[in-house]
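Peer 1: pasting the sequence and the predicted coordinates here, then a few questions.
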Amino acid sequence: MDTPLRTRFAPSPTGHLHIGNARTAIMNWLFTRHGRGRFVLRIEDTDRDRSTEASETAILEDLRWLGLDWDEGPQEGGDYGPYRQSERTALYAEEVNRLRDTDHLYPCYCTAEELEARRKAMLDRGESAHYDGRCRRLTQEEKRRFENEGRRPAFRFRVTQEEAVFEDVIKGQIAFQSENIGDFIVVRPDGMPMYNFACVVDDHHMHISHVIRGDDHVSNTPRQVLLYQAFGWEHPAFAHIPMILGKDHQRLSKRHGATSVAQYRESGYLPEALVNFLSLLSWSSESGDEILSIDRLVREFNFGRVSKSAAVFDVEKLDWMNGVYIRGLDVDRLAEMILPEMKKAGYPVSSQEEARTMASLFHDKLEKLSQIREKAKILFQEDVDPEDDEAKEMLNLPEAEPVFAAFLKAMASTDPWNAETFKNILKTVQSETGIKGKHLWMPIRVALTGQVHGPDLPRVAEILGYDTCRKFLKKALQYKKG
Ligand code: GLU
């Protein structure tokens with residue numbers, strides 16, 4: 001019988017969910033849902049100094065916001081828990097003993113300073129830095145002496161093979177020479193397990209069939225493979241996803257802009273757009289389509305189409321994609337989403353109904369939800385000035401003055417004031433002045449909003465209201481003279 005498909009995402013709760021880790025989570029999730037397997041969430045919090053509860057909460061919240069779910073985890077439970085490494089120390093201690101009993105581990109008393117000095121010396125000699133095996137063959141006498149000095153040992157794994165080889169699902173065969181690995185620490189002097197050891201013990205005991213992670217972990221995998229061999233366990237399949245680069249082809253970092261999911265959420269990206277975009281970093285649909293719903297991603301995702309080379313994070317493409325997703329929202333959902341943005345901007349919009357009006361007005365004008373704050377500004381101005389030279393030019397057109405005068409006159413006898421009657425006034429002004437097209441409505445647009453581009457003008461005029469429009473047009477009429 002085939003091994004059941006089980007994957008895991010294993011974040012360390014030491015900060016925000018990074019965009020690269022989010023992509024790792026997404027690919028794990030897509031692969032698992034595609035294969036109808038089980039997705040496990042494991043919290044790797046053995047670094048007690050850097051792990052925080054707040055970080056764990058934030059990471060889980062970001063994953064949920066992205067629309068991911070998992071079948072086993074710290075809150076959900078499951079057959080192979082607990083799912084926080086800090087709660088699994090008894091198991092690690094048991095497995096450490098097993099490796100000690102089979103002579104795969106030895107105590108190492110070297111201090112951090114000693115190790116650092118020898119590491120430097122190795123690098124100076126042009127060698128690759130690895131543990132030099134100093135404590136490999138300590139006599140009982142030497143061990144006793146160190147213990148008496150008050151030193152507490154770490155435990156190192158004794159690397160005996162010439163090389164560690166594994167088959168990567170994406171990259172093919174990968175081989176590491178042991179001399180470049182060196183005997184590595186599995187347990188710190190305080191008894192806390194190191195990442196490689198805890199990871200192997202957990203992946204084994206949680207019956208993980210596929211380890212899918214970023215390729216910054218490729219150099220850890222040979223160590224993990226050696227541990228599996230020492231335990232006599234079969235190792236899972238490994239898939240290392242190529243890294244994400246900025247547009248300058250350097251590793252994606254803060255220098256390139258936002259790197260955490262939380263930042264994208266706050267600047268008004270939709271989770272569906274972000275998931276779609278991140279899925280397409282190093283993977284593509286056979287159809288060549290770029291806008292892919294979650295259902296399609298789940299249906300189509302496979303490692304055969306994950307490329308070996310690094311992906312470039314193109315934020316302009318993400319913006320474009322986000323715009324497509326915003327346009328695909330129904331107006332009520334968009335209204336719900338922009339309401340908090342309007343409140344943040346301090347606009348007097350409090351009801352869903354008012355937000356709906358804004359949503360329908362700006363529906364096709366947004367690439368990010370947060371842009372509504374800037375774009376909706378035109379609806380709440382006390383005073384209007386042309387915003388740039390192009391706008392000023394419209395107020396300086398020879399047609400501007402007669403248009404404003406005729407408009408104000410026609411307005412005086414118009415009741416009620418709404419988008420329809422606004423259009424009728426424009427018709428009247430056109431027949432009275434003989435001015436039409438751009439020269440007719442551009443001055444009006446600039447007079448009412450200060451801008452040459454914007455949403456549907458009759459509706460803007462209706463929202464601004466009769467008195468405000470009158471005030472702004474009168475001011476524009478004075479513009480040339482001023
Ligand atoms: N806690 C590790 C990390 O966040 C997990 C690596 C792995 O997936 O094995 O990078």
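Peer 2: Now that the structure is in, tell me what you want to look at.
Peer 1: alpha carbons only for contacts and neighbour counts from here, please
Peer 2: OK.
Peer 1: which ones are touching the nearest residue to Gly37 once chain neighbours are set aside?
Peer 2: Take Gly37 and drop its neighbours on the chain: the residue closest to it by Cα to Cα, 6 or more residues apart in numbering is Leu5, 4.6 Å away. Leu5 makes contact with Thr32, Gly35, Arg36, Gly37, Arg38, Ile208, Ser209, His210 under the criterion Cα atoms under 8 Å, 6 or more residues apart in numbering.
Peer 1: residues of this protein that sit close to the ligand?
Peer 2: Ala10, Pro11, Ser12, Glu44, Arg213 (Cα under 6 Å from any ligand atom).
Peer 1: am I right that the third one is in contact with Glu44?
Peer 2: Yes: distance between Ser12 and Glu44: 4.7 Å, which falls inside the contact criterion (Cα atoms under 8 Å).
Peer 1: hmm, back to that, can you say which of the residues of the chain next to the ligand are buried?
Peer 2: Neighbour-count burial (16 or more other Cα atoms under 10 Å) applied to the residues of the chain next to the ligand gives Ala10, Pro11, Ser12, Glu44, Arg213.
Peer 1: rewinding a little: so which of the contacts of Leu5 belong to helices?
Peer 2: Among the contacts of Leu5, the ones falling in helices (DSSP state H) are Thr32.
Peer 1: by proximity to the ligand, which residue of the stretch 151-300 of the chain wins?
Peer 2: Distance from the ligand to each residue of the stretch 151-300 of the chain (Cα to the nearest ligand atom) is smallest for Arg213, at 4.9 Å.
Peer 1: and the residue nearest to Gly37, its phi and psi?
Peer 2: phi -80, psi 120 (degrees, to the nearest 10).
Peer 1: what's the distance between it and Lys343?
Peer 2: When distance is defined by Cα to Cα, to the nearest Å, Leu5 is 46 Å away from Lys343.
Peer 1: re earlier: how close does the residue nearest to Gly37 get to Ala237?
Peer 2: 11 Å.
Peer 1: please apply the same query to Arg188.
Peer 2: Distance from Arg188 to Ala237, by Cα to Cα: 28 Å.
Peer 1: do Gly133 as well
Peer 2: Distance from Gly133 to Ala237, by Cα to Cα: 30 Å.
Peer 1: and what of Gly346?
Peer 2: 52 Å.
Peer 1: buried set for stretch 226-236?
Peer 2: Leu226, Leu227, Tyr228, Ala230, Phe231, His235, Pro236.
Peer 1: wait, the fourth one sits on Leu99?
Peer 2: Yes: using Cα under 8 Å, Ala230 is in contact with Leu99, at 7.4 Å.
Peer 1: on that earlier part again, of Gly346 and Ala237, who's got more company?
Peer 2: Set Gly346 next to Ala237 and count neighbours by other Cα atoms under 10 Å: Ala237 wins out with 14 against 10.
Peer 1: now Val312: phi and psi?
Peer 2: Torsion angles, degrees, to the nearest 10, at Val312: phi -100, psi 130.
Peer 1: so where's the protein uncertain?
Peer 2: 1, 480-482 (pLDDT under 70).
Peer 1: what's the domain layout of it?
Peer 2: Domains of the chain are assigned by automatic domain parsing as 88-241, 335-377, 381-481.
Peer 1: now render those domains as JSON lines, adding distance to Trp320.
Peer 2: Shown next, in JSON lines, are the domains of the chain (distance: least, Cα to Cα, whole Å):
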{"stretch": "domain 88-241", "distance to Trp320": "25"}
{"stretch": "domain 335-377", "distance to Trp320": "6"}
{"stretch": "domain 381-481", "distance to Trp320": "19"}
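Peer 1: Arg296: which of those is closest?
Peer 2: For Arg296, the closest of these is domain 88-241, at 20.5 Å, according to Cα to Cα.
Peer 1: roughly how far is that closest one from the heart of the chain?
Peer 2: 31 Å (Cα atoms, centre = their mean, to the nearest Å).
Peer 1: which SS class is Lys247?
Peer 2: Judged by DSSP: H, G, I helix; E, B strand; the rest coil, the three-state class of Lys247 is coil.
Peer 1: around it, count how many other residues there are.
Peer 2: For Lys247, using other Cα under 10 Å, the count is 14.
Peer 1: what's the spacing between it and Glu76?
Peer 2: Distance from Lys247 to Glu76, by Cα to Cα: 39 Å.
Peer 1: and Val165, by the same measure?
Peer 2: Taking Cα to Cα as the measure, Val165 falls 36 Å from Glu76.
Peer 1: sorry, back to before: before we move on, which element is the residue of the stretch 151-300 of the chain closest to the ligand in?
Peer 2: Counting by DSSP states H and E, the element that carries Arg213 is strand 210-214.
Peer 1: in PDB, could you pull the C-alpha coordinates for that strand?
Peer 2: Extracted C-alpha coordinates of strand 210-214, given in PDB (Å, rounded to 0.1, in the frame of the first residue of the first chain):
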ATOM      1  CA  HIS A 210       6.700  14.900   1.700                       C
ATOM      2  CA  VAL A 211       8.900  17.600   3.100                       C
ATOM      3  CA  ILE A 212       8.400  20.700   1.000                       C
ATOM      4  CA  ARG A 213      10.400  23.800   2.000                       C
ATOM      5  CA  GLY A 214      12.500  26.600   0.700                       C
END
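Peer 1: out of everything not next to it in sequence, what's closest to the residue in the stretch 301-450 of the chain positioned nearest to the ligand?
Peer 2: For the stretch 301-450 of the chain and the ligand, the shortest gap (Cα to the nearest ligand atom) falls at Phe303, measuring 16.8 Å. With Cα to Cα, 6+ apart as the criterion, Phe303 has its nearest non-adjacent residue at 6.7 Å, and that residue is Ile170.
Peer 1: pull the contacting residues for that neighbour.
Peer 2: Ile170 neighbours (Cα under 8 Å, 6+ apart): Ala239, His240, Ile241, Phe303, Gly304, Val306, Ser307, Lys308.
Peer 1: which residue ranges of this structure form strands?
Peer 2: Secondary structure of the chain (DSSP state E): strands located at 6-9, 38-41, 105-108, 154-157, 163-168, 172-177, 185-187, 210-214, 237-241, 244-245, 311-312.
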